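**Q** A structural model of the following input is requested.
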Amino acid sequence: MSLTLTRSKTDRPDRPDRPDRSPKAVRRPGFERLGPLPWIGPAVLLILAVVVWPVYEMIHTSFQRISPSGFVRGPAGLDKYRKLLGETDLVHVLTVTVVWTVVVVGVTMILSLALAQLFNQEFPGRRLTRWALIAPWAASVLMTAISFKWMLNQTAGVLNTAMVDLGIIDSPRDWLGDPSTAWPWMMFVAIFVSLPFTTYTLLAGLQTVPAELYEAAEVDGAGTWRTYRLITLPLLRPAFLVGVVINLINVFNSFPVIWGMTRGGPSSDTATTTVFMYQLKDTDIGESAAMSVVNFALVVIMVLLFLKVSRWNEEDNR
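**A** Modelled structure (predicted):
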């Protein structure tokens, strides 16, 4: 007769207990289940508070009838946008805004590229000149604009006094009262305050280029321009694109320089879309909000088009 013996789990030799790895047995603490949310949550809330909510209020206000004293009189539909499109100065303001942005950003990038290349070289006093370049960036933009306004003053300005004393001009000129001379001076100030950030952005990009590449190019007999064109510029592209995008947004929305120097006058001859929007709020808050919506849309479209043309996310596989 055969005897069949069966052993239960308890009859097996002692062995270390193995944890149950079934999905039901995996218990993560509540804090861990939230993932990265606790870390990015404050940033998301800040963005919602300072970006999304104001944009919503701006769009909502553009569809309201609001008195100059701030009382809402009811919905206005598209009336504020129709009124904005009927403004005689709108086409002129849009045109000069485009010219203003292209000239200031273009000249800023060219000069910053040259300065970054200079500061990337070893020369006596380099540290001092680097610190000196920070000054326009550290100072308030509005304060800088007002300082230049005083310097260009027709009666007591330093520029007129010096030019009259030197015999360059016969009588003091109202540099900011004439749009033909006001625009170049405002562009100069805008470039002046934009140079530090852009130069340091490009300088940071230059300092990431490996020195071995330049040594290899020198061994291959490549000239200075060829090395710069084939090595420096391609590797500088990410920093260059960052500088262009940030400058496009800042210059297009530039307010302190123009408002501090001319307040957009005479009339709206020296006003960009941002300044024109501020001028409209004295007569119609809803129309001013409509101008803000148009301005916001133009900035988004402009940046997206630039990133598309420059192929921001496209990897060069050649």
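
**Q** Not counting sequence-adjacent ones, nearest residue to A156?
**A** W150 (7.8 Å; CB to CB, 6 or more residues apart in numbering). Every residue, glycine included, has its C-beta placed from N, CA and C.

**Q** Wasn't G74 part of a strand?
**A** Yes - per DSSP: H, G, I helix; E, B strand; the rest coil, G74 lies within a strand segment.

**Q** Was I right to think the residue nearest to A156 contacts G157?
**A** Yes - counting by CB atoms under 8 Å, W150 does reach G157; the two are 6.7 Å apart.

**Q** So between these two, which is more surrounded?
**A** Per other CB atoms under 10 Å, whichever of W150 and G157 has more neighbours is G157, with 20 against 11.

**Q** Ignoring the adjacent residues along the chain, who's closest to that one?
**A** Spatial nearest neighbour of G157, chain neighbours left out: M151 (5.5 Å); criterion: CB to CB, 6+ apart.

**Q** Equivalent analysis for M163, please.
**A** In space, M163 is closest to I169, 4.8 Å off (CB to CB, 6+ apart).

**Q** Now for I168, how many residues are close by?
**A** Quick note: I168 (other CB under 10 Å) scores 10 neighbours.

**Q** Next, give phi and psi for it.
**A** When read as degrees, to the nearest 10, the backbone of I168 gives phi -70, psi -40.

**Q** gap between it and L241?
**A** Remark: distance between I168 and L241 (CB to CB, to the nearest Å) = 42 Å.

**Q** How about S268?
**A** Counting by CB to CB - S268 and L241 are separated by 33 Å.

**Q** Of those two, give the one with the bigger neighbour count.
**A** Neighbours were counted for S268 and for L241 using other CB under 10 Å; S268 has more, 19 against 16.

**Q** Would you confirm that the more buried one contacts V91?
**A** No - here S268 lies out of contact with V91, judged by CB under 8 Å, at a distance of 11.1 Å.

**Q** follow-up on the earlier one: in three-state terms, how would the residue nearest to A156 be classified?
**A** Assignment for W150 (three-state DSSP): helix.

**Q** what's the following helix or strand after the helix or strand harbouring A190?
**A** Taking DSSP states H and E as the criterion, A190 maps to helix 179-206. Where DSSP H and E defines the elements, the next helix or strand beyond helix 179-206 is helix 211-219.

**Q** Report the buried residues of that following helix.
**A** Buried residues in helix 211-219, counting neighbours by 16 or more other CB atoms under 10 Å, are found at A217.

**Q** tell me the mean pLDDT for stretch 166-185?
**A** Stretch 166-185 comes out with an average pLDDT of 93.

**Q** Show me what counts as buried in that stretch.
**A** P172, R173, W175, L176, P179, A182, W183, W185.

**Q** quick one, what contacts the second one?
**A** Spelled out, it's R173. Q154, N160, T181 (CB atoms under 8 Å, 6 or more residues apart in numbering).

**Q** V96 versus that one, what's the distance?
**A** Per CB to CB, R173 is found 21 Å from V96.

**Q** got it, and the first one?
**A** P172 sits 26 Å away from V96, going by CB to CB.

**Q** And for the third one?
**A** Spatial separation of W175 from V96 under the definition CB to CB is 17 Å.

**Q** Then the fifth one?
**A** According to CB to CB, P179 and V96 sit 9 Å apart.

**Q** intersection of neighbour lists for the two?
**A** Taking CB under 8 Å, 6+ apart as the criterion, P179 and V96 both touch T270.

**Q** Need the pLDDT of R28.
**A** Here, the pLDDT recorded for R28 equals 55.

**Q** Extract the C-alpha set from stretch 237-246 and format it as CSV.
**A** Below are the C-alpha coordinates for stretch 237-246, written out as CSV (Å, rounded to 0.1, in the frame of the first residue of the first chain):
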residue,chain,number,x,y,z
ARG,A,237,22.4,78.9,-33.0
PRO,A,238,20.5,77.9,-29.8
ALA,A,239,21.8,80.9,-27.8
PHE,A,240,21.2,83.1,-30.8
LEU,A,241,17.6,82.0,-31.2
VAL,A,242,16.9,82.5,-27.5
GLY,A,243,18.2,86.1,-27.8
VAL,A,244,16.1,86.8,-30.8
VAL,A,245,12.9,85.4,-29.3
ILE,A,246,13.2,87.3,-26.0
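
**Q** neighbouring contacts of that stretch?
**A** So stretch 237-246 is in contact with 105, 109, 112-113, 197-198, 201-202, 204-206, 208, 233, 303, 306-307, 310, 312, going by CB under 8 Å, 6+ apart.

**Q** at 7 Å instead, please
**A** Residues outside stretch 237-246 that contact it (CB atoms under 7 Å, 6 or more residues apart in numbering): V105, M109, S112, T198, T201, L202, A204, G205, V303, F306, S310, W312.

**Q** Would you show me how to pick out the buried ones of those residues in ChimeraX?
**A** To isolate the buried ones among the contacts of stretch 237-246 in ChimeraX, judged by 16+ other CB under 10 Å, type:
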select :105,109,112,198,201,202,205,303
